[in-house]
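*Asks:* below is the sequence, then the predicted model.
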Amino acid sequence: MTASIAVLKIGGSVLTGPTAYRRAAALVASRLGERPDERIVVVVSAEAGETDALLALARSIVDEPQPAALDLLWSTGELRSVAVLALSLQAAGISAAAVDVHQAGLDRSRHCVGNVSVNPLRLRAQLADHQVVVVPGFLARGAADEVVSLGRGGSDLTAVLLAAALDARLCELVKDVPGYFTADPKYDPDAKPVPWLSLEQALEMADAGCEMVQRNALEAAGQRRVELLISGAHGTTRTQISNEPFIPLASCFRKDIDNGVFHADDSCRTAVRTGDWFADCADLSDFDLRAGSAGRPSGV
């Protein structure tokens, strides 16, 4: 019987140093403990601040860096994360392989972020020999076999595309905030977690400025029918983003067009089942769609 596959994306805001890599390895180990026969593809971003630092380096050399050279420079951030996490997994006794951009199988032959194809054969070969394969996010190969980037937050897109190509059981995006909230939990102690969103709601929040999940990744998830789970490196709250067209949660809100806030209907007492979680719509009194309200992560 073929082992099931999970795709786990770990953002740069989570990878902040040696201790963080050990914690990330422990997180992967816990997922393996829950399903020992499963194989995991871990998509990683560059460490927090590294992409901006590399851009600043390029601009210190030339005002307008050549895109091809900049993409190549950026790739060093992701590849470092791949190697360090793979080594951390090996130190934890986990059979892990590190792959580069070309081995990952993402191909963007035309200059369009949404036009990315995936050939997962080399990844499947690695998964046959290893429990975990660590893959660089944010990057693909171009028409001339060069390294090209997939835009800010592109590691989310990488995870979605690989999950679809591998027919993965799960596509989980690990951020520095454990899912969406009714307000920014860093500043509002009364912020409540939102355990379930429709894809339509998530796209609307992205359009309103919420950078929790890259918009291109959300669009790809809709096109490829990939369900997303947004979680944090710490804490137990999570948000499931579903492709289901019927949205019980949405019926509990009326939208204030002027300021982008959803207000709960006081008459709504519907408990919405969301996998292993339940939410009472009436508790979500001010669902703010503006940029910081969903607990905007500091990195991708």
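*Replies:* Great, that's in hand. Numbers count the residues shown, from 1 in each chain.

*Asks:* helix or strand for Val135, just tell me which one.
*Replies:* Using DSSP states H and E, Val135 maps to strand 132-136.

*Asks:* which SSE is immediately downstream of that strand?
*Replies:* strand 139-141.

*Asks:* helices or strands next to that next one in the packing?
*Replies:* For strand 139-141, the packing partners by 3 or more Cβ pairs under 8 Å, 6 or more residues apart in numbering; DSSP states H and E come out as helix 67-91, helix 101-104, strand 106-107, strand 147-149, helix 154-165. For the C-beta atoms, the positions are set from N, CA and C on the backbone; glycine is no exception.

*Asks:* re earlier: what's the angle between the strand holding Val135 and helix 67-91?
*Replies:* Interaxial angle of strand 132-136 relative to helix 67-91 (axes from the mean of the first three to the mean of the last three Cα atoms, to 10 degrees): 160 degrees.

*Asks:* show residues contacting strand 132-136.
*Replies:* 28, 32, 39-44, 75, 78-79, 81-82, 85-86, 89, 94-101, 104, 123, 126-127, 158, 162 (Cβ atoms under 8 Å, 6 or more residues apart in numbering).

*Asks:* quick one: average pLDDT of that strand?
*Replies:* For strand 132-136, the mean per-residue pLDDT is 98.

*Asks:* do the same with stretch 81-100
*Replies:* 97.

*Asks:* give the buried residues for it.
*Replies:* The neighbour-count check on stretch 81-100 (16 or more other Cβ atoms under 10 Å) flags 81-82, 84-86, 88-89, 94, 96-100 as buried.

*Asks:* between which two of the residues you listed is the distance greatest?
*Replies:* Greatest spatial distance in the buried residues of stretch 81-100: Ile94 and Asp100, 19.8 Å, computed using Cβ to Cβ.

*Asks:* what angle sits between the helix or strand containing Glu219 and helix 154-165?
*Replies:* Element membership of Glu219, judged by DSSP H and E, is helix 215-224. Angle of helix 215-224 versus helix 154-165, following the same axes, to 10 degrees, is 10 degrees.

*Asks:* who's in contact with Thr239?
*Replies:* Listed by Cβ under 8 Å, 6+ apart, the contact set of Thr239 reads 179-180, 193-197, 229-231.

*Asks:* how about the strands in the stretch 151-300 of the chain?
*Replies:* Along the stretch 151-300 of the chain, counting by DSSP state E, counting those that start in this stretch, strands occupy 170-175, 196-198, 228-232, 239-242, 253-256, 261-264, 271-274, 277-280, 286-288.

*Asks:* for the longest one, packing partners?
*Replies:* Going back to what we said before, that points to strand 170-175. strand 5-10, helix 154-165, strand 228-232.

*Asks:* compare these and give me the one nearest Pro189.
*Replies:* Using Cβ to Cβ, the nearest of these to Pro189 is strand 228-232, at 16.8 Å.

*Asks:* can you show me the CA trace of the closest one as CSV?
*Replies:* The C-alpha coordinates for strand 228-232 follow below in CSV (Å, rounded to 0.1, in the frame of the first residue of the first chain):
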residue,chain,number,x,y,z
LEU,A,228,-5.7,24.3,3.6
LEU,A,229,-4.9,24.2,7.3
ILE,A,230,-3.3,27.3,8.8
SER,A,231,-1.5,26.7,12.1
GLY,A,232,1.1,28.2,14.3
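
*Asks:* what angle sits between that strand and strand 5-10?
*Replies:* Computed by the same axes, to 10 degrees, the angle separating strand 228-232 from strand 5-10 equals 40 degrees.

*Asks:* kindly format the C-alpha coordinates of stretch 60-73 as PDB.
*Replies:* The C-alpha coordinates for stretch 60-73 follow below in PDB (Å, rounded to 0.1, in the frame of the first residue of the first chain):
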ATOM      1  CA  SER A  60      23.800  48.300  -2.500                       C
ATOM      2  CA  ILE A  61      25.700  47.000  -5.500                       C
ATOM      3  CA  VAL A  62      23.400  48.300  -8.300                       C
ATOM      4  CA  ASP A  63      20.300  50.400  -8.200                       C
ATOM      5  CA  GLU A  64      18.200  48.100 -10.300                       C
ATOM      6  CA  PRO A  65      19.400  44.500  -9.900                       C
ATOM      7  CA  GLN A  66      18.900  42.200 -12.900                       C
ATOM      8  CA  PRO A  67      15.900  39.900 -12.100                       C
ATOM      9  CA  ALA A  68      17.800  36.700 -12.900                       C
ATOM     10  CA  ALA A  69      20.700  37.600 -10.600                       C
ATOM     11  CA  LEU A  70      18.300  38.700  -7.900                       C
ATOM     12  CA  ASP A  71      16.400  35.500  -8.000                       C
ATOM     13  CA  LEU A  72      19.600  33.500  -7.800                       C
ATOM     14  CA  LEU A  73      20.700  35.500  -4.800                       C
END
